[in-house]
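*Asks:* Structure for this input, please:
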Amino acid sequence: MLKVVILTVQKWGNSLAVRIPSAVARSAHFHVGTPVELAVQDGNVIVSPAGERKLTLEDRLAMFDPEKHGGEVMPSGCIGLEKF
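*Replies:* Sure, this is the predicted structure:
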């Protein structure tokens, strides 16, 4: 479904900027840190995702599943001189 929103181009430092509304960002699967590609085609500006975004530590921890990953990093017993 095509979402159309009328926005105003604003000055941001020496550049121009348009804010992407949250509903449009969700629909495009854009998140903070998502790399994007900006292109101009026939006078239209096209913003597209440019690969996978870098995951933050918070993102990685949210994806961690102790059941899937076994919980312990090294569940084996003591090895060598580790016994006291």
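*Asks:* could you pull out the strands for this protein?
*Replies:* 10-12, 15-17, 36-41, 44-49 (DSSP state E).
*Asks:* Lys3 is nearest to which of those strands?
*Replies:* strand 44-49 (13.0 Å; C-beta to C-beta). All C-beta spots, glycine's among them, are computed from the backbone N, C-alpha and C.
*Asks:* mean confidence for that closest one?
*Replies:* What strand 44-49 shows for mean pLDDT is 91.
*Asks:* what does it contact?
*Replies:* Identification of contacts with strand 44-49 by C-beta atoms under 8 Å, 6 or more residues apart in numbering yields Ile20, Ala28, His29, Phe30, Thr34, Pro35, Val36, Glu37, Leu38, Ala39, Val40.
*Asks:* That strand pairs with which strands, and in what direction?
*Replies:* Partner strands for strand 44-49, per DSSP bridges, with pairing direction: strand 36-41 (antiparallel).
*Asks:* coming back round to it: adding distance to Leu81, pLDDT and neighbour count, write the contacts of strand 44-49 out as JSON lines.
*Replies:* Shown next, in JSON lines, are the contacts of strand 44-49 (distance: C-beta to C-beta, whole Å; pLDDT from 0 to 100; neighbours: other C-beta atoms under 10 Å):
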{"residue": "Ile20", "distance to Leu81": "57", "pLDDT": "93", "neighbour count": "15"}
{"residue": "Ala28", "distance to Leu81": "56", "pLDDT": "85", "neighbour count": "15"}
{"residue": "His29", "distance to Leu81": "51", "pLDDT": "84", "neighbour count": "9"}
{"residue": "Phe30", "distance to Leu81": "52", "pLDDT": "87", "neighbour count": "16"}
{"residue": "Thr34", "distance to Leu81": "48", "pLDDT": "85", "neighbour count": "15"}
{"residue": "Pro35", "distance to Leu81": "47", "pLDDT": "88", "neighbour count": "10"}
{"residue": "Val36", "distance to Leu81": "53", "pLDDT": "91", "neighbour count": "14"}
{"residue": "Glu37", "distance to Leu81": "54", "pLDDT": "92", "neighbour count": "10"}
{"residue": "Leu38", "distance to Leu81": "58", "pLDDT": "93", "neighbour count": "9"}
{"residue": "Ala39", "distance to Leu81": "60", "pLDDT": "95", "neighbour count": "9"}
{"residue": "Val40", "distance to Leu81": "65", "pLDDT": "95", "neighbour count": "8"}
